[in-house]
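*Asks:* All I have is the shape, not the residue letters:
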């Protein structure tokens, strides 16, 4: 018998309520790059479902029904989270479940798992996709890897990402670009600072540009987006007695889908005209795909008025594979990545109920 | 026979010229904390000198003549350097020796070693001190450790630090203080930046204070000092898609010896009144010690007009041990810690010649 917690790994009970299952998923820490134990648990639970065929690729899992239905839909979600901010383990307080990943997006993953296990005869064939490394640079993204290794596994008539949308269908998504802005100086001993030029002091210019930047809020295909340009990292310094000759500011530009990745890069270069700019990572957005027939039917079934998706999601990746896709999940997007992240258990339940009804036809 | 370069370690030939010996010392890399191989070589070379008694403490070495002279002087120098800036190995070009540590202060160490080996019967007893970790926070300073472990080994009537002074006697020294200034924000997803508050953007305020700071240039006991307040490090960021809630700027305040360490700390707290300030490291300066009899006699023998020492040196440490001390060395203080650091070989020779004549009485 293996020692407790070893080899057999952690167990998931997919017959638990969606709220309990969310808590269980949250308590299996899975910061990007460390999804192994959670992926193992998900794979094991899905392999126990006789009506699904399961394939694993790294820390991504694809489970499919093969019922020969005329249509196929994808339900997709990422299993990684941003770094924990002192907010684990999860904690249930008056119907709200607190903890890293509760909203973004283990509540969505819990709904996927509940549907995968229990809707054994859906009206359409369903592909359930669970993937890694969504919260880091796009080269590491698990869905991107799946699309390269086995694009056929993602083929479908329509895809739903269970990213947090507060139970509202969100169309399209904004693009995201990261760039490194470099301030230059000249090294000197800090006791004779006037012999050098302080690159960290120079970087104030970069930060002042960011502080006075006026972000756009354009309307695209009827939905209003809201851009942002922010420092997400800064680094400079050689030693405690040296005037530094380099300082790097990493900025993140979130851009509306009326701008291409190339136009976004050009814009950032223009904003930081006087500086050395290196674009390190860019993922284009997606225009709202709500005019497609499949999307329209899903929207009608879910009810409510669609709105613009502000965060970048893999909607854009499905869009570029030719699969219309929307975002629809129980989490609150305003709480994602915050220390106080939480989800209402009732919202998780409602998401499951609505999607179960839709899938059951 | 051991393999080449092993066990026997690197060898120093103290009969080489002061310029050649400097080059040899420079090429044995010894960034603070990694002085072991150089300390080994210095210790071995001094143990070969029959007229010296040698003691090792960590990576510090103390070598003494024991001739029963009525007076004793200390010749001290640090053997570590700031991080290498692509400027090793050393390179001799038209009488100038380039490389990390040429000026600060392996040329001074070369003079110490030449005198230690060859002035076998000085007019005063001499204590040669070689020590580690001068270029980092003061808790790691090798001279501080020696003063604590064996203060008697540093007792003397007068001390000379061979820090770079361009061959001019420099009196006193400025103090140095390091503090961490913290900007606070609130975490959020970078796609919805307006839900948080960006601590890196807030840090622009700290950098703007530094950019507009007016440094003092007070005259103390007849010598003019020049203060400075500079960022020497900055660090902030959680992940590429998170608005960060903390950003730290490390500042270095170099203060004239009319201010105590306490007054310096108070000043920095006042300048950054709106921020969280943590003083992490402070070493008080020393008022010019030139009025002592021993110092005056040395100044007369070396010639020239003394001036203020701007960089912090262990003059302050000797001062607090009750040993009058001055700075006098062949390097150029303006070049210390710069990528283009170099020393004139002729200056190293002249320093050796003057000090040899003075020691020989």
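*Replies:* Ah, there it is. All figures in this text were calculated on a predicted structure; none of them were measured in a lab.

*Asks:* and residue A:283, how many neighbours does it have?
*Replies:* By the criterion of other C-beta atoms under 10 Å in any protein chain shown, residue A:283 has 23 neighbours. From N, CA and C alone the C-beta is placed, and that goes for glycine too.

*Asks:* surely it meets residue A:261?
*Replies:* Yes - between residue A:283 and residue A:261 a contact is recorded at 7.2 Å, counting by C-beta atoms under 8 Å.

*Asks:* so what sits against both of these two?
*Replies:* Residues touching both residue A:283 and residue A:261 (C-beta atoms under 8 Å, 6 or more residues apart in numbering or on different chains) are A:175, A:177.

*Asks:* Where does the stretch 1-150 of chain A get nearest to chain B, which residue?
*Replies:* Going by C-beta to the nearest C-beta, chain B is nearest to residue A:82 of the stretch 1-150 of chain A, at 5.4 Å.

*Asks:* hang on, that residue packs against residue B:238?
*Replies:* Yes - between residue A:82 and residue B:238 there is a contact at 7.4 Å, judged by C-beta under 8 Å.

*Asks:* More neighbours: the two, which one.
*Replies:* Between residue A:82 and residue B:238, counted using other C-beta under 10 Å, the more crowded position is residue A:82 (23 against 19).

*Asks:* give the contact list for the more buried one.
*Replies:* Counting by C-beta under 8 Å, 6+ apart, residue A:82 touches A:31, A:32, A:100, A:104, A:135, A:337, B:238, B:239, B:241, B:242.

*Asks:* pretty sure the last one is touching residue A:233, no?
*Replies:* Meaning residue B:242. No - the pair residue B:242 / residue A:233 is not scored as a contact, 9.5 Å apart, by C-beta under 8 Å.

*Asks:* which one of these two has more residues nearby?
*Replies:* Between residue B:242 and residue A:233, counted using other C-beta under 10 Å, residue B:242 has the larger neighbour count: 25 against 21.

*Asks:* Next, the contact list for the more buried one, please.
*Replies:* Taking C-beta under 8 Å, 6+ apart, we find residue B:242 in contact with A:82, A:232, A:337, B:187, B:188, B:189, B:190.

*Asks:* Least confident of these?
*Replies:* Within the contacts of residue B:242, pLDDT reaches its minimum at residue A:337, with 82.

*Asks:* Straight-line length of stretch A:316-330, end to end?
*Replies:* The separation between the terminal residues of stretch A:316-330, taken as C-alpha to C-alpha, to the nearest Å, is 20 Å.

*Asks:* Same check on stretch A:55-74?
*Replies:* End to end - C-alpha to C-alpha - stretch A:55-74 spans 15 Å.

*Asks:* What are the buried residues along that stretch?
*Replies:* Of the residues in stretch A:55-74, A:56, A:57, A:59, A:60, A:61, A:62, A:63, A:64, A:65, A:72, A:73, A:74 count as buried by neighbour count, 16 or more other C-beta atoms under 10 Å in any protein chain shown.

*Asks:* which of those residues are close to chain B?
*Replies:* The subset of these within reach of chain B, by C-beta under 8 Å from any C-beta of the partner chain, is empty.

*Asks:* Tell me the gap between stretch A:193-211 and the middle of its chain.
*Replies:* 33 Å (C-alpha atoms, centre = their mean, to the nearest Å).

*Asks:* Let me fix that, I meant to ask about stretch A:247-266.
*Replies:* Centroid separation for stretch A:247-266 versus its chain: 17 Å, with C-alpha atoms, centre = their mean.

*Asks:* average model confidence for that stretch?
*Replies:* For stretch A:247-266, mean pLDDT is 96.

*Asks:* how long is that stretch from one end to the other?
*Replies:* 22 Å.

*Asks:* that older thread, which members of the contacts of residue B:242 occur in strands, if any?
*Replies:* Using DSSP state E, the members of the contacts of residue B:242 that fall in strands are A:232, B:188, B:189.

*Asks:* give the contact list for the last one.
*Replies:* Spelled out, that is residue B:189. A:104, A:311, A:333, A:336, A:337, A:338, B:195, B:196, B:241, B:242, B:243.

*Asks:* With respect to residue B:13, which of the residues you listed is nearest?
*Replies:* residue B:242 (57.0 Å; C-beta to C-beta).

*Asks:* Any chance of the buried residues of stretch A:55-74 in TSV with secondary structure and pLDDT as columns?
*Replies:* Below are those laid out as TSV (DSSP: H, G, I helix; E, B strand; the rest coil; pLDDT from 0 to 100):
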residue	secondary structure	pLDDT
A:56	strand	97
A:57	strand	97
A:59	coil	98
A:60	strand	98
A:61	strand	98
A:62	strand	98
A:63	strand	98
A:64	strand	98
A:65	coil	98
A:72	strand	93
A:73	strand	94
A:74	strand	96
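
*Asks:* JSON lines for those, including distance to residue A:165?
*Replies:* JSON lines is the format used below for the buried residues of stretch A:55-74 (distance: C-beta to C-beta, whole Å):
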{"residue": "A:56", "distance to residue A:165": "28"}
{"residue": "A:57", "distance to residue A:165": "27"}
{"residue": "A:59", "distance to residue A:165": "24"}
{"residue": "A:60", "distance to residue A:165": "22"}
{"residue": "A:61", "distance to residue A:165": "23"}
{"residue": "A:62", "distance to residue A:165": "23"}
{"residue": "A:63", "distance to residue A:165": "23"}
{"residue": "A:64", "distance to residue A:165": "25"}
{"residue": "A:65", "distance to residue A:165": "25"}
{"residue": "A:72", "distance to residue A:165": "22"}
{"residue": "A:73", "distance to residue A:165": "17"}
{"residue": "A:74", "distance to residue A:165": "16"}
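
*Asks:* Identify the residues contacting the helix or strand in which residue A:205 is found?
*Replies:* For residue A:205, the enclosing helix or strand under DSSP states H and E is helix A:199-212. Helix A:199-212 has contacts (C-beta under 8 Å, 6+ apart) with A:181, A:183-185, A:229-231, A:234, A:236-237, A:244-247, A:249, A:251, A:271-272, A:274-275, B:198, B:200-201, B:203-204, B:207-208, B:210-211, B:230-234, B:249.

*Asks:* again with stretch A:34-44
*Replies:* Stretch A:34-44 is touched from outside by A:9-12, A:25, A:28, A:30, A:54, A:56, A:59-61, A:79-80, A:109, A:113, A:130, A:132-133, with contacts defined as C-beta under 8 Å, 6+ apart.

*Asks:* Identify those among those residues that sit within strands.
*Replies:* With strands defined by DSSP E, the entries of these inside them are A:54, A:56, A:60, A:61, A:130.
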